[in-house]
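Undergrad: Okay, predicted coordinates and the sequence, questions at the end:
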Amino acid sequence: MKTVILCGGLGTRIRDVADDIPKPMIPIGPYPILWHIMKTYAHFGHREFVLCLGYKGHSIKNFFLNYEAYTSNFTLDYGKGGGIEYHDGHDLSDWKISLIDTGGKAMTGARIARIREYVGDEDFMLTYGDGVSDVDINSLVEFHKSHGKVLTVTGVRPPGRFGEMVSGSGGVISEFNEKPQATAGRISGGFFVARPELFDYLEEREDLVFEQEPMHKLVADEQLVMFKHDGFWQPMDTSREYQLLNSMYDNGRAPWVR
């Protein structure tokens, strides 16, 4: 099953950390947060990715084109018949990564719509390039397969500045409120599993926000179901959250690292 990762946003709320690279390339420790997210999926055996690029997407392309150099110690031999000897690093030989330019200004719904041909007619996973979690990906997938609805979203318990979801019997969502003033329920943790019918709810128009029209239509059709996750989840939207995640990683207290 392929994993689609949204990597094209401007990341305006975290520009004070880095404004010369896209948000998914902001590091936790020595590696971009995007790498950490992909390693989570790889840990559960999911190693085929579709990256939806946009703002400064060339930085992400450059990272993967030069992956060994960025993540390894190596020796350069400039002598006759010389070359490069890599000493360590993280092997990606069993990974397949499609890096797709989905537009510089496209919103999330448009980006997803534009990678349809790379996903095909199979179920796929979907997440954002700016949040880490210890969610059990395979349990999420199995739950999605069990109910037959179009979209499964991971519901987490979070800071109150995010959108709230309310679910009824069987996890079917009855209400989706984007960033209410005060909430007591769960919010979207951004780890989704979708049936290919999700594309019927999407258009390629630039201003289509996945979390608005498509999500509300899915709710109206009773096609959005919540997978409850009570473990660790943390986005990186602000410099404070950037510092928090790096502190956790540096001190060996990073629950998402397996």
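TA: Cool, got the structure. Numbering: from 1, shown residues only.

Undergrad: Tell me if Tyr249 really is in a helix.
TA: Yes - assigned with DSSP: H, G, I helix; E, B strand; the rest coil, Tyr249 falls within a helix.

Undergrad: Now do it: how many residues are near it, please.
TA: Applying other C-beta atoms under 10 Å, we find 19 residues neighbouring Tyr249. Quick note: C-beta positions are derived from backbone N, CA and C, even for glycine.

Undergrad: Make sure it is actually in contact with Ile28.
TA: Yes - contact criterion C-beta atoms under 8 Å: Tyr249 and Ile28 qualify, at 5.1 Å.

Undergrad: Next up, the contacts around Asp230.
TA: Contacts for Asp230 (C-beta atoms under 8 Å, 6 or more residues apart in numbering) come out as Val156, Arg157.

Undergrad: which ones are touching Tyr86?
TA: By C-beta under 8 Å, 6+ apart, the contact list for Tyr86 reads Glu68, Ser72, Asn73, Phe74.

Undergrad: tally of neighbours for the first one?
TA: In terms of burial, Glu68 registers 15 neighbours under the definition other C-beta under 10 Å.

Undergrad: Pro214: which element?
TA: Assessed by DSSP states H and E, Pro214 sits inside helix 213-220.

Undergrad: Could I get the pLDDT score of Ile84?
TA: Per-residue pLDDT puts Ile84 at 81.

Undergrad: I should have written Val153 there, sorry.
TA: Predicted confidence (pLDDT) for Val153: 98.

Undergrad: Can you show me the helices along the chain?
TA: With DSSP state H as the criterion, the chain has helices at 33-43, 57-65, 67-71, 108-113, 116-119, 137-147, 213-220, 239-250.

Undergrad: List the buried residues in the third one.
TA: Buried positions in helix 67-71, judged by neighbour count with 16 or more other C-beta atoms under 10 Å: Tyr67, Thr71.

Undergrad: List the contacts of it.
TA: With C-beta under 8 Å, 6+ apart, helix 67-71 has contacts from Pro30, Tyr31, Phe63, Phe74, Ile84, Tyr86, Gly89, His90, Leu92.

Undergrad: One more: the fourth one?
TA: Taking C-beta under 8 Å, 6+ apart as the criterion, the residues outside helix 108-113 that touch it are 4, 6, 8-9, 52, 54, 102-103, 126, 198-199, 202-214.

Undergrad: Look up how far Val219 lies from the nearest residue to Ala110 once chain neighbours are set aside.
TA: Spatial nearest neighbour of Ala110, excluding adjacent residues (C-beta to C-beta, 6 or more residues apart in numbering): Leu208 at 4.8 Å. Shown here: Leu208 relative to Val219, a distance of 16 Å by C-beta to C-beta, to the nearest Å.

Undergrad: any weak-confidence spans in the stretch 1-150 of the chain?
TA: Along the stretch 1-150 of the chain, segments meeting pLDDT under 70 span 11-16, 18, 80-81, 89.

Undergrad: which stretches of the stretch 51-200 of the chain form strands?
TA: 74-76, 84-86, 96-101, 124-128, 131-133, 151-156, 164-167, 173-177, 187-194 (DSSP state E, counting those that start in this stretch).
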